[in-house]
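Chemist: A predicted structure for the sequence below; I have some questions about it.
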Amino acid sequence: DGGITQSPKYLFRKEGQNVTLSCEQNLNHDAMYWYRQDPGQGLRLIYYSQIVNDFQKGDIAEGYSVSREKKESFPLTVTSAQKNPTAFYLCASSLEGATDTQYFGPGTRLTVL
Amino acid sequence: GQQVMQIPQYQHVQEGEDFTTYCNSSTTLSNIQWYKQRPGGHPVFLIQLVKSGEVKKQKRLTFQFGEAKKNSSLHITATQTTDVGTYFCAGCSSNTGKLIFGQGTTLQVKP
């Protein structure tokens, strides 16, 4: 059963802590993306990766970090430097690049207490 | 930078009425994609338009890509309660190759 998974679905963290969100895909896609969704603001790109061991900053990368050591995995770390981290985080993948259809995971809702 | 604007932000309709959302880009697009996100869910791909002036239909949904490849629309005929959700357009810039999402239009349908 192919797809893209994110865990956990809900995540709570205390202010000042780093937290890592998981994203795994078994679609054999080269490209992977992280988006942040806030009410009324649509999807904003945090980071993206076109191939393994390479990634690029999106529009709102400050306070976030990523790694792409394996094709299937693209974890996102929300650091304590992110001023307003409470949001819905969506991971997506596409076959090659941005012109291809993006397949989204179910998302992780992060709440900072 | 490139912007993709989508209007309206919200739309409430009576079941059976039609609905249209519009998407406008500040730059020429190589293609435009449409996604639907149900409440509490994640965006799901609906369709991609590539050619200037292209029109595609999926049952009650009609998608158009403008002649200048800078705007697009999604029209739903005779809405049903299953159409509820947020519809996003996403334009791929001809210059940068990046996909930029619009803010989305949230559709509510009263039964």
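Modeler: Here it is on my side, so go on.
Chemist: tell me, how many neighbours does residue 100 end up with?
Modeler: Using chain A. Using other CB atoms under 10 Å in any protein chain shown, the number of residues around A:D100 comes to 19. In short, each C-beta sits where N, CA and C put it, glycine included.
Chemist: that was the other one, I meant chain B.
Modeler: 24.
Chemist: give me the element it is part of.
Modeler: Counting by DSSP states H and E, the element that carries B:I100 is strand B:99-101.
Chemist: what ranges of the chain fall below the confidence cut-off?
Modeler: Just so you know, I chose chain A. Along chain A, the parts satisfying pLDDT under 70 run over A:1-2.
Chemist: let me rephrase: I mean chain B.
Modeler: Residues of chain B meeting the criterion pLDDT under 70: B:1-2.
Chemist: check contacts around the residue nearest to the spatial centre of chain A.
Modeler: Central residue of chain A (CA atoms, centre = their mean): A:W34, 3.0 Å from the mean position. Taking CB atoms under 8 Å, 6 or more residues apart in numbering or on different chains as the contact definition, A:W34 lies against A:21, A:23, A:45-48, A:58, A:64, A:66, A:74, A:76, A:89-92.
Chemist: the strand holding B:I100 near chain A at all?
Modeler: Yes. Applying CB under 8 Å from any CB of the partner chain, one finds that strand B:99-101 is in contact with chain A at B:99, B:101.
Chemist: what's that strand packed up against?
Modeler: In this structure, strand B:99-101 makes packing contacts with strand B:85-93, judged by 3 or more CB pairs under 8 Å, 6 or more residues apart in numbering or on different chains; DSSP states H and E.
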